[in-house]
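In: What would the 3D arrangement of this be:
(2 chains, ligands or ions: 1)
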Amino acid sequence: MWDYSDKVKDYFFNPKNAGVLGEANAVGEVGAISCGDALKLMMKVDPETEVIQEAKFQTFGCGSAIASSSALTELIIGKTLEEAVTITNQDIADFLGGLPPEKMHCSVMGYEALQAAIANFRGEEWRDDHEEGALVCKCFGVDEGVIERAIRMNRLTSIEQITDYTKAGGGCLTCFDKLEELLAGVNAALVAEGVLAAHEAYRLGVADAGEIKAKAKARKEAEKEAAAPPASPLAPASPLPPPSAGMTNLKKIRLIEEAIEELRPYLKKDGGDCELIDIDGANVMVSLKGACMGCQMASVTVSGIQERLIAKLGMTIRVIPVKSHAH
Amino acid sequence: MRPVYLDNNATTRVDPAVVEAMLPFFTEQFGNPSSIHSFGASVGQSVKKARQQLQQLLGAEHDHEIIYTASGTEADNTAILSALEAMPGRDEIVTSAVEHPAVLALCQHLEKTGRAKVHYIGVDSLGRLDLEAYRAALTDKVALVTLMWANNETGTIFPIEALAELAKEVGALFHTDAVQAVGKVPIVLKGGAIDMLSLSGHKLHAPKGIGALYVKRGARFKPLLRGGHQERGRRAGTENAPGIIGLGKAAELAIAHMAEEQTRVKELRDRLENAILQRVPNCFVNGDIRERLPNTTNIAFEYVEGEAILLHLTRNGVAASSGSACTSGSLEPSHVMKAMNVPFTAAHGSIRFSFSRDNVPEDVDQVIETLPKILEKLRELSPFWAGANKGPNEFKPVYA
Ligand code: FES
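Out: Sure thing, here's the model as predicted:
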């Protein structure tokens, strides 16, 4: 396993400020269960002085994700929003005595949750994934802004580092070209600003795109053949527009789960059931169980669920039935 | 706190009797088994005996059907590369999406370099091979079918003899990566359709660095390593005599303990599994619980992440393993969980407990003692838990 510093271990085993903060007036939610980590940061901010009086967190994630969240709360309590907003992911990592490079995205998640919470307090909307069509990495739902910021703040100079810090590129790697472009662009800007030496800057084509991509392609095809959901008559003919802005993945998942929960009694009455498998942009993959599966009424069931979800989320959703998890 | 080792699918403790059997071959009996003088000849005799011990464990017809290798990975690689070379005019490989990287990584490489077309057959939610897709992929272009006997993560067992029969119908060679199965389930190769089988010493209480490839007499074969005449020219390189003798002893012990795997070890596994399912809400078993290795259970804990569970278990003296992305440096859950379509809510929190004959009831007690508390603690931390908790009585995983 990872070589964690003693402080990371301490903050993981004895997290400070874990739990729900009832009287929070600033909440930031980032990440998603599908990506393997998610963080909800809750702060109580004095409206007069804008001092963060209390902060608590809830985290789904690995050791360093939990430690980073806890460290973040320690870092911000007592600070004004103006002071807090300048805290970077590097500050979180430093506070913990460093994180393994592959785990830097945990500290980035902390940084994002803080920005989101501050925006929430100010009644603004934190620029989230999937926004303005700037989604770069579909596998992990990472947008251009997040990647640019990570490159800039941490002076990243390789594709692997981008993956370590943002997770982008950690899956199928179809986002490779875009990652390269962003990296070269921001590096060039950093060189022009005099904060990065020219020889350190990434230049297009330096990473062995062929090598990385061929690997990704083989993996992708293997997965496609292996785990592709059965072709569905309901599969969208053309990709749907991205979901409406302003909804975090966390919220989306909650709403969808709520909707399914509400429908469940009806499905069960017919001897069936429905389970949320995955969400990819506007596509919601569910598995239908029992009598629902293979039932001639399945397509009716699917459209019923779809209607319900659209009503609940207020956005276009496509429900796609996939192979059931348990028989 | 006593250390509890439940990661035997990763590696096993070398049996003291195996160590004892090996020791003389480092010092007194150091001769090269290929030499004809007395120093070598006696070692050669012992190597022969070890080969027969392994032959027995595999139920093979002849002892010379066994080729020693340095690992299960070398055995897998040899089988695949050999088949491509030995079957001119055929350039397709059929395998599954849940194979060990020793097979998958090579297949992907062969695809990338244009040396083979590979069919990755999918599995269902219980990890069972998609038989329809398998049949469809079998044509006279297939040089080799390579399928694992038992999955290392879930313990799910493929009906390997029957799958081999099907491969024969199109004239393809059939190889099975049996690294997890050997020593845990009875194997009889004689008279069957399996052409090649890989195994690894350190999974059955022999040391690391010794493996074997069974090649049925008459099956086409091309060596991977060329050089001297060792292993009848099928694997050059001076034999790892101590390792071979250790593996032979381990095979003998495995035969003696086979029943124990199916009874006492299985009971320990089942007791742990049942206790966890009973005491921890929102968890279920990954894989085919009927067709499964007796020593393995893989349990998905919803709404928590595997590495976090493992860190706590480690602190409580329990060694297990996780298919979670975060332990491996990869970012996505294990390819096995993905191929099985395990929901993300659970795939990230899957933990594998794998037993061996070294385990005792107290090991199980210690896990049962600590695990529910760990889950409670981590779930309290999880933003997905509140509201998701349907309680231990209401949440019922559905098994086949
Ligand atoms: S889209 Fe970025 S890794 Fe798949």
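In: so how far is the lengthiest helix in chain A from its chain's centroid?
Out: With secondary structure taken from DSSP state H, chain A has its longest helix at helix A:249-269. Put simply, helix A:249-269 sits 21 Å off its chain's centre (CA atoms, centre = their mean, to the nearest Å).
In: The host helix or strand of residue A:64: which residues count as buried?
Out: Here residue A:64, judged by DSSP states H and E, is contained in helix A:63-76. Buried residues in helix A:63-76, counted by 16 or more other CB atoms under 10 Å in any protein chain shown: A:63-76. For glycine as for every other residue, the C-beta is placed from the backbone atoms N, C-alpha and C.
In: In the record's domain split, what are the boundaries for chain B?
Out: Under the assignment automatic domain parsing, the domains of chain B span B:4-10+B:258-380, B:16-254.
In: residues from the stretch 201-327 of chain A in reach of the ligand?
Out: The stretch 201-327 of chain A comes close to the ligand at no residue, as judged by CB under 6 Å from any ligand atom.
In: Give me the neighbour count for the residue lying closest to residue B:318 once chain neighbours are set aside.
Out: Among residues not flanking residue B:318 along the chain, residue B:4 sits closest, at 4.6 Å (CB to CB, 6 or more residues apart in numbering or on different chains). Per other CB atoms under 10 Å in any protein chain shown, the neighbour tally for residue B:4 reads 22.
In: Model confidence for residue B:4, exactly?
Out: Note for residue B:4: predicted pLDDT of 98.
In: List the contacts of it.
Out: Residues near residue B:4 by CB atoms under 8 Å, 6 or more residues apart in numbering or on different chains: B:317-319, B:363, B:366-367.
In: among those residues, which are in strands?
Out: B:318-319 (DSSP state E).
In: out of the contacts of residue B:4, which are buried?
Out: By 16+ other CB under 10 Å, these give B:318, B:363, B:366-367 as buried.
In: Now do stretch A:66-85: distance to the chain's middle.
Out: Counting by CA atoms, centre = their mean, stretch A:66-85 comes out at 20 Å from the chain centroid.
In: Mind exporting the C-alpha coordinates of that stretch to PDB?
Out: Below are the C-alpha coordinates for stretch A:66-85, written out as PDB (Å, rounded to 0.1, in the frame of the first residue of the first chain):
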ATOM      1  CA  ILE A  66     -10.200  11.500   4.200                       C
ATOM      2  CA  ALA A  67      -7.000  12.900   5.600                       C
ATOM      3  CA  SER A  68      -7.000  15.800   3.100                       C
ATOM      4  CA  SER A  69     -10.600  16.700   4.000                       C
ATOM      5  CA  SER A  70      -9.800  16.700   7.700                       C
ATOM      6  CA  ALA A  71      -6.700  18.800   7.100                       C
ATOM      7  CA  LEU A  72      -8.700  21.200   5.000                       C
ATOM      8  CA  THR A  73     -11.100  21.900   7.900                       C
ATOM      9  CA  GLU A  74      -8.100  22.500  10.300                       C
ATOM     10  CA  LEU A  75      -6.600  24.900   7.800                       C
ATOM     11  CA  ILE A  76      -9.700  27.000   7.300                       C
ATOM     12  CA  ILE A  77     -11.200  27.300  10.800                       C
ATOM     13  CA  GLY A  78     -10.600  30.800  12.100                       C
ATOM     14  CA  LYS A  79      -9.700  32.200   8.700                       C
ATOM     15  CA  THR A  80     -11.800  34.800   6.900                       C
ATOM     16  CA  LEU A  81     -13.300  33.800   3.600                       C
ATOM     17  CA  GLU A  82     -10.800  36.200   1.900                       C
ATOM     18  CA  GLU A  83      -7.900  34.300   3.500                       C
ATOM     19  CA  ALA A  84      -9.400  30.900   3.000                       C
ATOM     20  CA  VAL A  85     -10.000  31.400  -0.700                       C
END
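In: does chain B sit close to that stretch?
Out: Yes. Judged by CB under 8 Å from any CB of the partner chain, stretch A:66-85 comes into contact with chain B through residue A:66.
In: and that stretch, average pLDDT?
Out: Mean predicted confidence for stretch A:66-85 is 96.
In: repeat for stretch A:15-25
Out: Per-residue pLDDT values across stretch A:15-25 average out to 93.
In: got the buried residues for that stretch?
Out: Applying a neighbour-count criterion of 16+ other CB under 10 Å, one finds A:15, A:17-18, A:21, A:24 buried in stretch A:15-25.
In: what's the nearest residue to residue B:359 if we skip its chain neighbours?
Out: Using CB to CB, 6+ apart, the nearest residue to residue B:359 is residue B:268, at 5.6 Å.
In: can you tell me how far the one you found sits from residue A:75?
Out: Per CB to CB, to the nearest Å, residue B:268 is found 46 Å from residue A:75.
In: Validate this expectation: residue A:182 resides in a strand.
Out: No. The assignment for residue A:182, made by DSSP: H, G, I helix; E, B strand; the rest coil, is helix rather than a strand.
In: In terms of pLDDT, where does it sit?
Out: 92.
In: Then the one 4 residues further on?
Out: Confidence per residue is given as pLDDT, and for residue A:186 that number is 93.
In: Next: residue A:146.
Out: So residue A:146 comes in at 85 (pLDDT).
In: Am I right that it is in contact with residue A:166?
Out: Yes. Using CB atoms under 8 Å, residue A:146 is in contact with residue A:166, at 5.7 Å.
In: what touches both of those two?
Out: With CB under 8 Å, 6+ apart as the test, residue A:146 and residue A:166 both reach residue A:108.
In: where in the chain is pLDDT low?
Out: All of this refers to chain A. A:1, A:127-133, A:209-248, A:269-271, A:280-283, A:290-304, A:306-311, A:313-327 (pLDDT under 70).
In: Chain B, not that one
Out: Residues of chain B that meet the criterion pLDDT under 70 lie in B:324-330, B:386-400.
In: quick one, strands of it?
Out: Going by DSSP E, chain B shows strands at B:4-5, B:66-69, B:92-96, B:117-121, B:142-148, B:173-177, B:196-200, B:211-215, B:283-285, B:296-301, B:318-319, B:321-322, B:350-354.
In: in chain A, which spans are helices?
Out: Ranges of helices in chain A, per DSSP H, are A:6-13, A:63-76, A:81-84, A:89-95, A:104-121, A:144-154, A:159-166, A:176-192, A:209-227, A:249-269, A:298-313.
In: Tell me which of those sits most buried.
Out: helix A:63-76 (a mean of 28; mean count of other CB atoms under 10 Å in any protein chain shown).
In: same for it, what does it pack against?
Out: The helices and strands touching helix A:63-76, judged by 3 or more CB pairs under 8 Å, 6 or more residues apart in numbering or on different chains; DSSP states H and E, are helix A:6-13, strand A:37-45, strand A:52-60, helix A:89-95, helix A:104-121, helix B:306-315.
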